[in-house]
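> make a model of this:
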Amino acid sequence: MDPFKHMEEWKKNMDGFFGDTFWNEFEDVFKPPIPQINLYQQQNELFCIVNLPGVKDLKKIDVFVHYTSLELRGVIDIPSPGGQLIKEEIMQGVFERQIDLPYPVRSDKIDATYRQGLLVIQLHRTIPDNTERNKLTIRSMDEDD
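Below you'll find the predicted structure:
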């Protein structure tokens, strides 16, 4: 007797009732985002520490920065020693993750380093240049001019 047979039937019934995409709404709850990150703020800088174990070819990791978001794409490959996998807690495979940043960052001043399984991305806050003043021309909207 298959102990999961009733579970599969229950899922099919739920799909029929709620629609095929019902379970997709819960994907983030059941599957944590990969890669895992820590985001730190230090004055006008952000440091994003990304957990990327086992990366041998850094060209397989793409990092994109755009205004208030950081996008990570790549592959995490963990070599198998052989044998049957009994428990898997280290996420691996193809990933794509978008991280919302707390403020706009400069696209011209970014640094990224990789060491011992951690990718460290240093970002700098965009600071508006308030030193330059712009004089406005005032247009008259009166009819008698």
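
> quick one, what contacts residue 88?
Applying CB atoms under 8 Å, 6 or more residues apart in numbering to residue 88 gives no contacts. For the C-beta atoms, the positions are set from N, CA and C on the backbone; glycine is no exception.

> which phi and psi does it have?
Dihedral pair for residue 88: phi -130, psi 110, per degrees, to the nearest 10.

> ok, now residue 13?
phi -60, psi -40.

> quick one: pLDDT of it?
pLDDT, residue 13: 75.

> give me the number of neighbouring residues for it.
Close neighbours of residue 13, defined as other CB atoms under 10 Å, add up to 10.

> gap between it and residue 50?
Per CB to CB, to the nearest Å, residue 13 is found 40 Å from residue 50.

> after the least confident helix or strand in the chain by mean pLDDT, next one along is what?
Of all helical and strand segments in the chain, the minimum by mean pLDDT, DSSP states H and E falls on helix 27-30, at a mean of 57. Sequence-wise, the next helix or strand downstream of helix 27-30 (DSSP states H and E) is strand 37-42.

> helix or strand right after that following strand?
Counting by DSSP H and E, what follows strand 37-42 is strand 45-51.

> now do the buried residues in that following strand.
Buried residues in strand 45-51, counted by 16 or more other CB atoms under 10 Å: 46, 48, 50.

> the last one and residue 63, how far apart?
With distances defined as CB to CB, the gap from residue 50 to residue 63 amounts to 9 Å.

> cool, and the second one?
Distance from residue 48 to residue 63, counting by CB to CB: 9 Å.
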